[in-house]
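Visitor: Dropping a prediction and its sequence here:
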Amino acid sequence: MVLRKHIDDREFDKFVLNDDNETAVRTVGEVSGTIKPSGLNIGGLVTEQTINPTTWTALPLSPLANRNALAIQNQSGQEIKINYSSGQAGYVGMIIANGSERTYDITDAIVIYAKSSSSVVTINVEELA
């Protein structure tokens, strides 16, 4: 399709009438693959997770099936760190300060691990599917 010179004509060309005689946005080509909305579609789950300063703990220990979002809330009284590897030596990762929260658009196939800075604490993990 060649673009017309006048902007009003170009705006008009963006739209078509669909089979139900409704205005729709004109698209070119076909869409392939799996398309699914993000956010809460199936259900949610909140888990209180205990973590410690010596070993990395999966958040949560068993992920919610078909998860597409994860939130980690730290109201523990101390800093925690998260990482994508349980084999990471030391206290290395992304900081979630006390009183903070971090969110991810993430499937149940990806595991996030947490470690506390100095003592055993409990944090909240929310998952959406």
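Guide: Yes, it's here. Numbers count the residues shown, from 1 in each chain.
Visitor: can you give me the helices for the chain?
Guide: Along the chain, counting by DSSP state H, helices occupy 7-13.
Visitor: Okay, strands next: where are they in it?
Guide: 15-17, 23-25, 44-51, 57-59, 69-74, 80-83, 94-96, 100-104, 112-116, 121-128 (DSSP state E).
Visitor: Arrange those in TSV, one row each, with mean pLDDT and mean neighbour count as further columns.
Guide: C-beta here means a position set from N, CA and C on the backbone, and glycine is covered the same way. Shown next, in TSV, are those (pLDDT from 0 to 100; neighbours: other C-beta atoms under 10 Å):
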stretch	mean pLDDT	mean neighbour count
strand 15-17	84	10
strand 23-25	86	9
strand 44-51	97	15
strand 57-59	98	18
strand 69-74	97	20
strand 80-83	98	21
strand 94-96	98	15
strand 100-104	97	14
strand 112-116	98	22
strand 121-128	97	19
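Visitor: For residue 9, which of those strands is the nearest?
Guide: Set against residue 9 and scored by C-beta to C-beta, the strands of the chain come closest in strand 15-17, at 11.9 Å.
Visitor: Now distance to residue 6 too, for the strands of the chain, in CSV please.
Guide: CSV is the format used below for these (distance: least, C-beta to C-beta, whole Å):
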stretch, distance to residue 6
strand 15-17, 16
strand 23-25, 20
strand 44-51, 49
strand 57-59, 55
strand 69-74, 44
strand 80-83, 53
strand 94-96, 50
strand 100-104, 44
strand 112-116, 52
strand 121-128, 46
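Visitor: For residue 35, find the nearest of the ones you listed.
Guide: Among the strands of the chain, strand 23-25 comes nearest to residue 35, with 15.7 Å by C-beta to C-beta.
Visitor: who touches that closest one?
Guide: Here strand 23-25 makes contact (C-beta atoms under 8 Å, 6 or more residues apart in numbering) with 14-18.
Visitor: just to revisit the earlier point, nearest to residue 34, of the strands of the chain?
Guide: strand 69-74 (16.8 Å).
Visitor: From the centroid of the chain, which residue is nearest?
Guide: Nearest residue to the geometric centre of the chain (C-alpha atoms, centre = their mean): residue 105, 1.2 Å.
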